[in-house]
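*Asks:* sequence plus the predicted model coming up.
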Amino acid sequence: MPDKINVIVVGAGPSGLLLALLLAKQGIEVTVLEKSGEYDKQPRASFYSLPAIHELKRAGVYDDVASRAFHANGVSWRYIDGTRIASIRPDDASPDTKMISLPLDELIPLIASHLEQQPSGRILLSHEVTAIGQDHAQAWVEVNGPEGSRRMSASYIVGCDGGSSKIRRELFGAKSFPGRTWDKQIVATNVYYPGLRDYDWDTSSNFMIDPEHFPMIAQISNDGMLRVTYGEESNLTREEMLARQPGKYKAFMPGKPEPHEYTLVNFSPYKIHQRLAKSMRVGRFLLAADAAHLCNPFGGMGLTSGFADIGGLYDCLYGLHAGKADENILDKYDEIRRAKYTSIVDPVSSGNLRRLWDPENIEQDEFIQMVKRAEHDKEFARSMAAGMGAVMHDFTQYYR
């Protein structure tokens, strides 16, 4: 008989909840621990491409997501004055590779609602992990919750608790997260700006090439809300950046709007990193998504690779639970997911950002040349859209 397992997931973000849902639907006992008393409401990633859509479908939540989501009509690269350089259109792609958008503050509670319907899944908010440990038979976390402190144990514990992961810091030390931090930070805002409709922008997502601002302007919801992300200097405080926000908008937004012409909903500065943990497995502890690796958000590689981690880890843990795999499959998870970051996620996401800083060479950029070819070669366009699938990996091939 196979050894049945149970799992604790630390972090109730999109990746942690998605992993828990996938496991719970297979009857695996899974508990999600979240230190906050509510789900994250910050303006973070909101676009889902092939790898994310594949996992949302496997979890049985895609139809709900798609019914609420904004279905993007393409992405363009533009000069800072709005002049179009090149565009990718959704009608150039197969249905599975078309991009949709649903802000995380809507996606997270949606996945949570599905998990709450599973008898073997539960979510505990206001439960903060303070220490960890393990032996040959189990792993455990010390947890502070509304009812005091207690120890909770499981066959495996997965850190999905973000870039400042408590689990990763306990495993490797507070300062051990190899990689680099960019010398600029970015500000993510959600905003309603009706005036954008007056301009002839025929794609809903737009990257603007400028070494100072390097903005992204994208519609992310059906009611017209925009995600506007732009660059800032690394030495500014949040208050200083907030004071500079109106001037930033005037520098790159079409129409150079005054504050009374738009409604700012969210304002969230953050530093941008390219980092990869020393390992994504330490015995019975595992890391996934931002707890394991970070990249800048331009091009959506962070959420995409995080969901690819989740799909792979789910297959590994289910294989153990069902007796189809032994623990060596978790070493494969560590080896392959780290390699995917090194060979795809880091170079692609870094290229996406550097491209926005270089208006002088943008027309000759290799990727932009590919996009221009795809505008006229539909078969090539479909192959480009399917290329995001390279970040995925089928771990079921290691089942015995």
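*Replies:* Nice, thanks for sending it over.

*Asks:* does Asn190 have beta-bridge partners, and which?
*Replies:* Beta bridges link Asn190 to Arg227, Asn266 when assigned by DSSP bridges.

*Asks:* for the one residue sitting closest to the centre of the chain, which three-state class applies?
*Replies:* When C-alpha atoms, centre = their mean is applied to the chain, the residue found nearest the centroid is Leu303 (1.7 Å). The assignment at Leu303 comes out as helix when based on DSSP: H, G, I helix; E, B strand; the rest coil.

*Asks:* now do stretch 46-60, average pLDDT.
*Replies:* The average pLDDT for stretch 46-60 rounds to 91.

*Asks:* tell me the buried residues in it?
*Replies:* For stretch 46-60, burial by neighbour count (16 or more other C-beta atoms under 10 Å) applies to 46-56, 58-59. Just so you know, the C-beta spots here come from the backbone N, C-alpha and C atoms, and that holds for glycine as well.

*Asks:* try stretch 240-257
*Replies:* For stretch 240-257, burial by neighbour count (16+ other C-beta under 10 Å) applies to 241, 245, 248-249, 252-254, 257.

*Asks:* same thing with stretch 141-161?
*Replies:* 141, 143, 152-161.

*Asks:* could you dump the residues you listed into a markdown table and include secondary structure and distance to Gly173?
*Replies:* Output for those, formatted as a markdown table (DSSP: H, G, I helix; E, B strand; the rest coil; distance: C-beta to C-beta, whole Å):
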| residue | secondary structure | distance to Gly173 |
| --- | --- | --- |
| Val141 | strand | 18 |
| Val143 | strand | 21 |
| Met152 | strand | 23 |
| Ser153 | strand | 23 |
| Ala154 | strand | 23 |
| Ser155 | coil | 25 |
| Tyr156 | strand | 22 |
| Ile157 | strand | 18 |
| Val158 | strand | 20 |
| Gly159 | strand | 14 |
| Cys160 | coil | 20 |
| Asp161 | coil | 16 |
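
*Asks:* closest one of those to Gly74?
*Replies:* Cys160 (31.6 Å; C-beta to C-beta).

*Asks:* now the helix or strand hosting Arg337: mean pLDDT?
*Replies:* Assessed by DSSP states H and E, Arg337 sits inside helix 328-340. Averaging pLDDT along helix 328-340 yields 98.

*Asks:* domain assignment for the chain?
*Replies:* For the chain, the structural domains run 6-71+95-179+274-398, 180-273, going by automatic domain parsing.

*Asks:* just name the most buried of those domains.
*Replies:* Comparing the domains of the chain on average neighbours per residue, with mean count of other C-beta atoms under 10 Å, the densest one is domain 6-71+95-179+274-398 at a mean of 19.

*Asks:* tell me how far the ends of that domain are from each other?
*Replies:* Start to finish, the residues bounding domain 6-71+95-179+274-398 are 21 Å apart (C-alpha to C-alpha, to the nearest Å).

*Asks:* please state the offset of it from the chain centre?
*Replies:* Distance, stretch centre to chain centre, for domain 6-71+95-179+274-398: 7 Å (C-alpha atoms, centre = their mean, to the nearest Å).

*Asks:* picking that back up, how about the buried residues of stretch 141-161 in a markdown table, adding distance to Leu23?
*Replies:* Putting the buried residues of stretch 141-161 into a markdown table (distance: C-beta to C-beta, whole Å) gives the following:
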| residue | distance to Leu23 |
| --- | --- |
| Val141 | 17 |
| Val143 | 19 |
| Met152 | 16 |
| Ser153 | 16 |
| Ala154 | 11 |
| Ser155 | 11 |
| Tyr156 | 10 |
| Ile157 | 13 |
| Val158 | 9 |
| Gly159 | 15 |
| Cys160 | 12 |
| Asp161 | 17 |
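
*Asks:* which one of the residues you listed is nearest Leu33?
*Replies:* Val143 (6.3 Å).

*Asks:* excluding sequence neighbours, find me the nearest residue to the closest one.
*Replies:* With sequence-adjacent residues excluded and distances taken as C-beta to C-beta, 6 or more residues apart in numbering, Val143 is closest to His127, at 5.1 Å.

*Asks:* next, the one you found: phi, psi?
*Replies:* When read as degrees, to the nearest 10, the backbone of His127 gives phi -120, psi 110.

*Asks:* name all residues that make contact with it.
*Replies:* His127 is in contact with 33-35, 143-145, counting by C-beta atoms under 8 Å, 6 or more residues apart in numbering.
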